[in-house]
Structures are given as structure tokens and as C-alpha cells.
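S.K.: Make a model of this:
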Amino acid sequence: ARSAIDQLVSQGLIVRRRGSGNYIAPLLEQPLSQLTSFSEELQRRGYTPSSRWLERKVDLAMTDEQLTLGLSPGAKVVRLERLRLADNVVMAYEVSVLPQSVITDPMAVGSSLYEYLDSVQQAPVRALQHIRALNAQPRLAEQLGIPDQQAVLFITRIGYLESGQAVELTHSYCRSDYYDFVAEMRRER
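M.R.: Coordinates of the predicted model:
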């Protein structure tokens with residue numbers, strides 16, 4: 001039985017917590033056709049989402065952020081850096097950048113960014129996502145609790161308001177053993 005559990009742990013299907021026991025690892029199957037938040041997707045699947053904040057600050061927008069968000073040089077943004085968890089298991093490392101005009105106080109954002117954006121009527125209604133595989137460098141691997149150079153899914157999301165204005169730029173590094181993206185495709189006739 002121990003050998004079987006050890007094998008399931010090595011495959012990422014079971015999570016071992018010292019002093020607590022062994023638990024089934026969360027798997028997030030996310031459809032690519034719907035715009036949902038991490039928290040919404042996990043709650044829908046019966047998991048408890050949470051965030052471990054690493055940094056929340058107002059900062060000057062970098063050049064690529066200015067271009068993506070349509071900001072002027074010298075514009076300020078809110079930078080939110082956090083680990084995303086499902087049932088206390090780290091699933092992703094995420095950095096979100098939004099214009100300061102959208103979030104004036106970064107500390108006001110709770111565990112769900114989209115919930116906060118909904119409350120201030122600034123939630124994206126559509127988004128573009130780019131997904132590719134990367135090998136985790138040592139700092140990222142340590143944060144995610146995975147071996148160095150293990151493959152992760154790198155997702156860049158740009159969220160847009162109804163007006164077409166870009167309101168969110170998020171870079172997520174997701175554990176590939178916990179994420180499964182699903183795309184439904186149709187053949188045109």
C-alpha cells in the first residue's frame with residue numbers, strides 16, 4: 001500500500017502533508033471558451049481557492065505593460081504577485097498588472113481579483129490568452145514546490161472591458177500536473 005501511495009505521490013495524483021495525511025491532488029480542467037477567474041473555476045469544481053500574497057504595490061508601468069494596457073509613459077499600475085492555491089495546494093504563481101485608475105489601493109483586493117473588479121464595475125468581459133510550456137527556473141520551482149526545470153504552463157492573459165480598453169495583464173505559471181485545458185473545436189463546412 002505504501003509503495004502504491006508513493007507512486008501516486010510521484011505522479012502528482014496524491015498530495016502528502018506531513019502530520020496530516022495523504023489527499024487527492026486537485027486537478028483544474030479549464031475550458032478555453034469561457035472567461036472565468038481561478039476562484040470561480042475552483043469553486044465550481046468543489047475546491048476551496050485561496051491566495052498567498054507575495055506583493056501588492058503601486059509601481060511605474062514597464063514599457064511592455066504600457067503598450068499592452070494602452071497607458072502613457074510614466075503611468076502607474078498596480079502589481080499583484082501571489083501564489084494561487086486549491087485546498088491549500090499551490091497550483092500557480094501569478095503576477096497581475098492593472099492600471100492604477102482601476103485599483104487605487106492594491107491592499108483592497110482580497111482573494112479574488114475578478115470579484116474585486118466586479119465590485120468596482122471594471123471586470124473584463126473578454127480576454128486573450130496565450131499558453132505555452134516553459135521549464136521552471138529555480139526560484140519559480142521553489143515557489144511552486146516542483147523540481148527545477150519541470151515543465152509549467154505559462155499563460156499570458158489580457159482582459160478587456162466592454163469598451164475595448166485593456167484592463168488586466170496577467171502572467172500565470174501553472175503546475176502542468178494540476179492543469180488541463182480543454183478546447184472544443186468545430187470544423188467549418
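S.K.: Between its first and last residues, what's the separation in stretch 125-141?
M.R.: Its start and end residues considered, stretch 125-141 measures 32 Å (Cα to Cα, to the nearest Å).
S.K.: for that stretch, which positions count as buried?
M.R.: Of all the residues in stretch 125-141, those buried under the rule 16 or more other Cβ atoms under 10 Å are 136, 140-141. Where C-beta positions appear, they are placed from N, C-alpha and C, glycine not excepted.
S.K.: do the same with stretch 61-78
M.R.: For stretch 61-78, by 16+ other Cβ under 10 Å, it's 61, 65-66, 68-69, 71, 77-78.
S.K.: Show me the shaky parts of the protein.
M.R.: 8-15, 17, 20, 22-36, 183 (pLDDT under 70).
S.K.: Secondary structure and distance to Val95 added to the buried residues of stretch 125-141, as CSV?
M.R.: Output for those, formatted as CSV (DSSP: H, G, I helix; E, B strand; the rest coil; distance: Cβ to Cβ, whole Å):
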residue, secondary structure, distance to Val95
Ala136, coil, 15
Leu140, helix, 11
Ala141, helix, 16
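S.K.: which residue ranges form the strands in the chain?
M.R.: All strands of the chain, identified by DSSP state E, fall at 14-17, 21-24, 28-31, 49-60, 76-86, 89-99, 126-135, 151-160, 166-175, 179-182.
S.K.: Run the chain-centre distance for the last one.
M.R.: It stands for strand 179-182. From the chain centre to the centre of strand 179-182 is a distance of 13 Å (Cα atoms, centre = their mean, to the nearest Å).
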